[in-house]
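K.L.:
Predicted model and sequence below, questions to follow.
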Amino acid sequence: MEHLDRVWLLLLCSLNSVVCQLHVEGHVNGKVVLPCVYTDGDSSSNIFWRDKGDRNVLDIIGGVEQTQTQNERFRGRVSSFPAEYHKGNFSITMKDLTMEDSGPYECHIPDDFQRDITLTVNAPRVVPTPPPSPAGGAAVTHPSTWLCSLLLCLCSSAV
């Protein structure tokens, strides 16, 4: 699984429901998990994932992903963890991130639970490239080091 840079959690409680707010960061072309765990439900709960434009990110109805109603923008890039539904884990994975994926997301269980997540997608990670090694993997010696070693050998043999 790709590295998640930071996840912040803020719980806001009201009398009838719990709203949890999270901040998740990822990188362009990377992958993130948008968490949604609801332990008061069961695997047949109906879960509705929406983005900032109220587009259908993914619906899970009666324990089944509804990819046919998923917005085209997310099709093939967003999936869930069906084997985890019985534990109340309705998190989703979003891959091949773009800058346009940044923004608020909502995991909603009608009349009971809502998790608000803000996704920030940053520029791609730049991994520094090490300098090329010499041909054949031979050690590189600075010319002055080589010259000093030669002089040391000549002076030692002359004594």
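P.N.:
Arrived safely, thanks for sending. Residues are numbered from 1 along each chain as shown.
K.L.:
Pull the residues that contact stretch 47-61.
P.N.:
Judged by Cβ atoms under 8 Å, 6 or more residues apart in numbering, the contacts made with stretch 47-61 from elsewhere in the structure are 34, 36, 38, 45-46, 65-67, 69-71, 73-74, 78-80, 85, 90, 92, 94, 103-110. C-beta: built from backbone N, CA, C; applies to glycine.
K.L.:
Can you flag the buried ones in the residues you listed?
P.N.:
Using 16 or more other Cβ atoms under 10 Å as the burial test, the contacts of stretch 47-61 include 34, 36, 38, 45, 65, 70, 73-74, 78, 80, 85, 90, 92, 94, 105-109 as buried.
K.L.:
Could you pull out the buried residues of stretch 111-118?
P.N.:
Neighbour-count burial for stretch 111-118, counted by 16+ other Cβ under 10 Å, picks out 113-118.
K.L.:
Which member of the residues you listed is positioned nearest residue 131?
P.N.:
For those, the residue nearest residue 131 by Cβ to Cβ is residue 118; the value is 39.4 Å.
K.L.:
tell me the secondary structure for the closest residue to that closest one other than its chain neighbours?
P.N.:
Setting aside the residues directly before and after it, residue 118 is nearest to residue 23 in space (Cβ to Cβ, 6 or more residues apart in numbering), at 4.9 Å. Remark: residue 23 carries the secondary structure label strand [criterion: DSSP: H, G, I helix; E, B strand; the rest coil].
K.L.:
Quick one: which of the buried residues of stretch 111-118 has the lowest pLDDT value?
P.N.:
When these are compared on pLDDT, residue 113 comes out least confident, at 88.
K.L.:
List phi and psi for the nearest residue to that residue once chain neighbours are set aside.
P.N.:
Closest residue to residue 113 apart from its sequence neighbours, by Cβ to Cβ, 6+ apart: residue 38 at 5.0 Å. Backbone dihedrals for residue 38, given as degrees, to the nearest 10, come out at phi -130, psi 100.
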